[in-house]
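Trainee: this is a predicted model, with the sequence first.
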Amino acid sequence: MKTLIFKCLGTAIFTFALLAGCAEKDGSVPGVLTAGMADKSYVPPGELDEFYGFFSGGFSGQLSVYGIPSGRLLKVIPVYSQDAEKAYGYNEETKPMLNTSHGFVPWDDYHHPHISQTNGIPDGRWVFGNGNNTPRIARVDLTTFETVEILEIPNSAGNHCSSFVTENTEYVIGGTRFSVPIPQQDVPIESYKENFQGTISFISVGDEGGMDLAFQILVPGFGYDLVRAGKGKSHGWAFFTTYNSEEANTLLEVNASQKDTDYIAAINWKKAEEYVAQGKAKEMPATYAHNVYHEDTHSATSEMKSSVKVLDPKECPGIIYYLPTPKSPHGVDVDPTGEYIVGNGKLSADMAVHSFDKMLSAIERKAYVEEIKGIPVLQYEETLAGTVSSGGLGPLHTEFDDRGNAYTSFFISSEVVKWKVGTWEILDRAPVYYSVGHLMIPGGGTVKPWGKYLIAMNKITKDRYLPTGPELCHSAQLFDISGDKMELILDFPTIGEPHYAQAIPADLVAPNSKKFYPIGENNHPYHVKKEDETKVVREGNIVHIYMSTIRSHFAPDNIEGIRVGDKVYFHVTNLEQDWDVPHGMAVLGANNSELLIMPGQTETLLWEPKEIGIYPFYCTDFCSALHQEMQGYVRVSPSGSNTPLKWWLGDPPS
Amino acid sequence: MKYTVFLFCVSLTIASCGGGSESQESSSNQTPQSMVQSEPAEADPMLNKGIGPITSVTLGPLDQALVDEGKVIYEELCTACHKPTEKFIGPAPAGIMSRRSPEWIMNMILNPEQMVKEDPIAKKLLVEYNMAPMANQNLTEDQARKVLEYFRTLE
C-alpha cells in the first residue's frame, strides 16, 4: 500500500507537470512541454492557421500549401508535373495543360510563386509560378486551388527571373537565365558573344486572370537572375539582377566570376508600353502554347500561338539602364516604400543598396560610364544609397517587415541577418540549420508586410530530422520576428526544393474557397446531369462510357460488350453536391492513373484492355460506410466477338 | 496493474485540476446508451417535424408550376438514390406525404447529417437502409419546397 501511495504520488507529480498550465496563477508556463517557443507556433486541433503559405516545389514541379504558423501541409497543387493521385496530366481533361511547342512536357522546375496584387498588396486571387526548364508561367486559382492556365514563353531558356508581378498585376514578368540565339540557330557554342542574347518578357494579366505575352525586350547575353517590380514611387519600373556579364559559355563557376561588378538592369516598362503603342515593336515569328483550364467544361484547351512583339533597346532609348552591382548579385529586392533596391551580391560580403531617386537623377544627368549595345551603364556611386556591411557571407535574398527592417538570407554563413533600412546597421542575426536559400515574410516583398513571422527555406537538412537514406527533404524554419530578436519557433519539412514562398492572411483567401461545382453548370461534353442519362456508346473501336457516382455506387456498374483492342473512355461525373465528397475511380490494368472527381465534376480515363476477361473497377477515395461496396465489373470479349453491348445498375436489361 | 494505478492517479489529478469534467463524462456516457436502447413507444410520425431550419410549412392548393420545377430538381439531384415509386438505395418518396410531416421531409433534405444522428425516424431509416448515408445535395430552402410540392403528386 505504501508503494502504491508513492507510485500514485509520483505519477500525480508527473501529471501535474504535464498540466502545469492550470496550476500557475501568474500565467507562467514552466516545464519543457509547455515552453513558450512551442506555444507560438501551436494551433490547437480544431483551430485554423493565421496565414496560407504557398511554397514552390522546385524540382517537384508542384506548389504546396501550408498553414502558418503550424506548418501543417494543407494541399499539394499539381502545376508542372503529372500527378497520378489527382490524375493531373493523366486524365483527358488536363493533358492539354502540359502541352508545349516541344510537345507534351510532364515536368518542370517550379521556382518562384507570386500572389496577385492590387495596389501593391497581395489580393488572394491567384498564385503565379514559373517553369524554369521549358519556359512557362502558370496561374493557380485560389477559389479552387487548381492550376487553370499555363503560358509558354518563346525566345527564352531558363525562365528564372519570374514570375513576379507588378503592383496591380498589370504584368507577370519573365526573362532568360540562359542566353541563346534568338531566334534559335545552329551555330557554334563558341560564338556566344556574337550570337547569344537574352529576352525580358512582360505577360499581361486580364481582369479574369487570362495571360497574354504582351511584349519582349531583347537584351545582351547575360544571365538574368531575379526580378522585382517597383512599387509606390518606383511603380512602372522593374529591376533585374544579372550574372555572367563576362558572357562565358563554359566553366561559369570560374569564368562568370571574373568581374568585380555585374549589373542590376532597371527597366522602365511604362516607357516600353508607350513604344509598343507607337508601333515600335517588331512582330517576330514564334511558336508557343497557351493552355487554359475551363471550369464550366472541366477541361483544358491548348492553343499554339505564332508570333510575339519584340522591342530592341537600340531603337527604344530610355527603357533600360544598367546599375553596376557587386558581385554576381542573386536576389534583387525593393523595400516597401519603393525607394531602395537591394542587390544581394552572393559572392560578396557586403550588399549594395541603390536609391530610386538617385537613379532617376543620374539618368537625367546622363551620369554614364559606358554603353553596352545601346544600354547606358550608370556610375556606381551615383545610384548607391548605402552598403550593408553585415559580416555575413553569401547574401541571397532580402524581405522586409512593416517596421522599417530588412532581413537577408546568407547561404555561406548559414544565417538570417536583420538590418535597418536607411541606416544599414545590423540589428540581429540568427543561425539557420543549414544553408538558407530563400526567406519569406508574409507580404514581405510588397508594400504591406505582415511582419510577424519569417520562414527560412534551407538547402541542407543533414541531422535535423530522422535520416531517410541518402535523400532528405528540405527543411523550413519558422521565426517569430515580432520582437527585437528573431526567435526560432518551428522546423517543418517541405516538398521538393522550395525556391521562394509567399504567404497571405487566411481571411483574404478562405472565404472565397469553393466547396463543390454546381452540377447544373457542368458543360463537359460527356457529362451526365442525372443517373438516367448514363449510357455506353460504341463508335467503331471507341467506346464512351457515360458514368455517374454518388455514395456509394457507380451507374452503370456492370458493362458487357467491350472488346480487346477497344479504346474505352470512362467519363465519370460525380453527382454529389456537398463539400469534401470526391469519388475515385480505378480500373484494373489501366496504364495511366486513377481518377479523383470532385463533386459536380466530370473526368475521363482512357483504358485500353489488352486481354479478355472480367475487369473490376472501384472507388479509391473512402466515401461512406458502403465505400467498400462501391465497385463494378467490365466484361472484355475477344476482338471481333458478338457479345452485345449492355450496361446496368441493379436489374440487368432484358 | 501498473497501468491501472497510473490511470487511476492521472484521472484523480485531472479531476482535481478543474471542475466540469464530471458532467462532461456523464453526458458522454449517455450518448452510447441511447444509441443501443430501442426507441420509446412509437409517437405519431406526422407530429415529428424533424431537426433543421424548417419549423412550419403551410400547404395550400397544389401549385402545378412548383410541382414542375420540383420534379426537375428531384430528377437531377435525388434520383441517383431515390426512385419515385420503388425502393432503391433509399426509400421511395411515393406516399411520403401521408407518412411524414412536410417539415420533417424538408429538414431531411436540408439537414441530413444531423437528422440521421438525432432524429428517431431518420436514425431508424439509416439502419434499415444498410447505413447508406443520405447525401446532402445542398438544396436551397426554396428548392426543397418545390421538391416537397412534387412529392404531393406521388401517391
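Mentor: Received, thanks. Note that the coordinates shown come from a computational prediction; the quantities given were computed from them, not determined experimentally.
Trainee: hmm, A:W107 is touching A:P78, no?
Mentor: No: A:W107 is beyond contact range of A:P78, at 11.0 Å (criterion: CB atoms under 8 Å). For every residue, glycine as well, the C-beta is placed using N, CA and C.
Trainee: is it fair to say B:K123 lies in a strand?
Mentor: No: under DSSP: H, G, I helix; E, B strand; the rest coil, B:K123 sits outside any strand and is assigned helix.
Trainee: quick check: which element contains the residue of the stretch 201-350 of chain A found nearest chain B?
Mentor: Chain B sits closest to A:D296 of the stretch 201-350 of chain A, with a gap of 16.7 Å, by CB to the nearest CB. If you go by DSSP states H and E, A:D296 is not part of any helix or strand.
Trainee: what about the residue of the stretch 351-500 of chain A found nearest chain B, which SS state?
Mentor: Residue nearest to chain B within the stretch 351-500 of chain A: A:I489 (27.1 Å; CB to the nearest CB). Classification of A:I489 by three-state DSSP places it in strand.
Trainee: nearest residue to residue 82 other than its sequence neighbours?
Mentor: No chain in the question, so chain A it is. Of all residues not flanking A:Q82 in the chain, A:G89 sits nearest, at 3.4 Å (CB to CB, 6 or more residues apart in numbering or on different chains).
Trainee: wrong one, I was asking about chain B
Mentor: In space, B:H82 is closest to B:G90, 5.0 Å off (CB to CB, 6+ apart).
Trainee: low-confidence ranges in the stretch 351-500 of chain A?
Mentor: By pLDDT under 70, the stretch 351-500 of chain A has no low-scoring segment.
Trainee: parallel or antiparallel, which strands does the host helix or strand of A:L73 pair with?
Mentor: Using DSSP H and E, the element containing A:L73 is strand A:72-77. Counting by DSSP bridges, the strands paired with strand A:72-77 are strand A:63-68 (antiparallel).
Trainee: so what's A:E521 up against?
Mentor: Shown in contact with A:E521 (CB atoms under 8 Å, 6 or more residues apart in numbering or on different chains): A:296, A:600.
Trainee: for it, give me phi and psi.
Mentor: phi -100, psi 10 (degrees, to the nearest 10).
Trainee: per-residue confidence for it?
Mentor: Note for A:E521: predicted pLDDT of 97.
Trainee: tell me how far it lies from chain B.
Mentor: 12 Å (CB to the nearest CB, to the nearest Å).
Trainee: which parts of whichever strand or helix holds A:V536 are buried?
Mentor: For A:V536, the host element (DSSP H and E) is strand A:535-539. Residues A:V536 are the ones in strand A:535-539 that count as buried (16 or more other CB atoms under 10 Å in any protein chain shown).
Trainee: per the record, what domains does chain A have?
Mentor: If you go by automatic domain parsing, the domain ranges for chain A are A:390-514, A:528-648.
Trainee: export the ones you listed to JSON lines and append columns for distance to B:L139.
Mentor: What follows is the domains of chain A, written out as JSON lines (distance: least, CB to CB, whole Å):
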{"stretch": "domain A:390-514", "distance to B:L139": "18"}
{"stretch": "domain A:528-648", "distance to B:L139": "8"}
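Trainee: which residues in the chain form helices?
Mentor: Let's take chain A. For chain A, the helices defined by DSSP state H cover A:2-18, A:36-41, A:192-195, A:252-255, A:269-277, A:356-364, A:380-383.
Trainee: sorry, should have said chain B
Mentor: In chain B, the segments counted as helices under DSSP H are B:2-17, B:21-36, B:64-77, B:102-110, B:112-118, B:120-128, B:141-151.
Trainee: and A:K448, how many neighbours?
Mentor: Using other CB atoms under 10 Å in any protein chain shown, A:K448 has 16 neighbouring residues.
Trainee: repeat that for A:G223.
Mentor: A:G223: 25 neighbours (other CB under 10 Å).
Trainee: how about A:D357?
Mentor: The number of residues packed near A:D357 is 14, by other CB under 10 Å.
Trainee: what sits against A:Q631?
Mentor: Per CB under 8 Å, 6+ apart, neighbours of A:Q631: A:554, A:557, A:616-619.
Trainee: over to A:W424?
Mentor: Applying CB under 8 Å, 6+ apart to A:W424 gives the contacts A:353, A:386-389.
Trainee: residue of the stretch 401-550 of chain A nearest chain B, please.
Mentor: Closest point on the stretch 401-550 of chain A to chain B, by CB to the nearest CB, is A:I550, at 4.0 Å.
Trainee: can you check the pLDDT for that residue?
Mentor: For A:I550, the model assigns a pLDDT of 96.
Trainee: against A:R563, how distant is A:G613?
Mentor: 12 Å (CB to CB, to the nearest Å).
Trainee: more neighbours, those two?
Mentor: The residue with more neighbours, out of A:G613 and A:R563, is A:R563; 21 against 12, by other CB under 10 Å.
Trainee: wait, that one touches A:P638, no?
Mentor: Yes: between A:R563 and A:P638 there is a contact at 6.7 Å, judged by CB under 8 Å.
Trainee: so what's A:A266 closest to, chain neighbours aside?
Mentor: A:Y321 (4.9 Å).
Trainee: and if you look at B:L139?
Mentor: B:I109 is the one closest to B:L139 (CB to CB, 6+ apart), at 5.8 Å.
Trainee: for residue 55, what are its contacts?
Mentor: Picked chain A for this. Residues near A:F55 by CB under 8 Å, 6+ apart: A:63-66, A:113, A:457, A:476, A:494-495, A:498, A:501.
Trainee: not quite, go with chain B.
Mentor: With contact taken as CB under 8 Å, 6+ apart, B:T55 is in contact with B:49, B:103.
Trainee: that one and chain A, how far apart?
Mentor: According to CB to the nearest CB, B:T55 and chain A sit 23 Å apart.
Trainee: can you check the pLDDT for that residue?
Mentor: If you check B:T55, the pLDDT there is 97.
Trainee: quick one on the thing from earlier: give me the common contacts of A:W107 and A:P78.
Mentor: Listed as contacting both A:W107 and A:P78 by CB under 8 Å, 6+ apart are A:G61.
Trainee: more crowded one of the two?
Mentor: Using other CB under 10 Å as the criterion, A:W107 and A:P78 rank with A:P78 on top: 24 against 16.
Trainee: now the more buried one. Nearest residue, chain neighbours left out?
Mentor: Setting aside the residues directly before and after it, A:P78 is nearest to A:Y88 in space (CB to CB, 6+ apart), at 3.8 Å.
Trainee: beta partners of the one you found?
Mentor: A:D83.
Trainee: what of A:N574?
Mentor: Per DSSP bridges, residues listed as beta-bridge partners of A:N574: A:T549.
Trainee: list the contacts for it?
Mentor: With contact taken as CB under 8 Å, 6+ apart, A:N574 is in contact with A:548-550, A:581-583, A:597-602.
Trainee: please report how far the closest residue to A:F356 other than its chain neighbours lies from A:G404.
Mentor: In space, and not counting its chain neighbours, A:F356 is closest to A:S234: 4.5 Å by CB to CB, 6+ apart. Distance, A:S234 to A:G404, by CB to CB: 17 Å.
Trainee: of the two, who's got more company?
Mentor: Neighbour tally, A:S234 and A:G404, criterion other CB under 10 Å: the higher count belongs to A:S234, 24 against 14.
Trainee: all set now, cheers.
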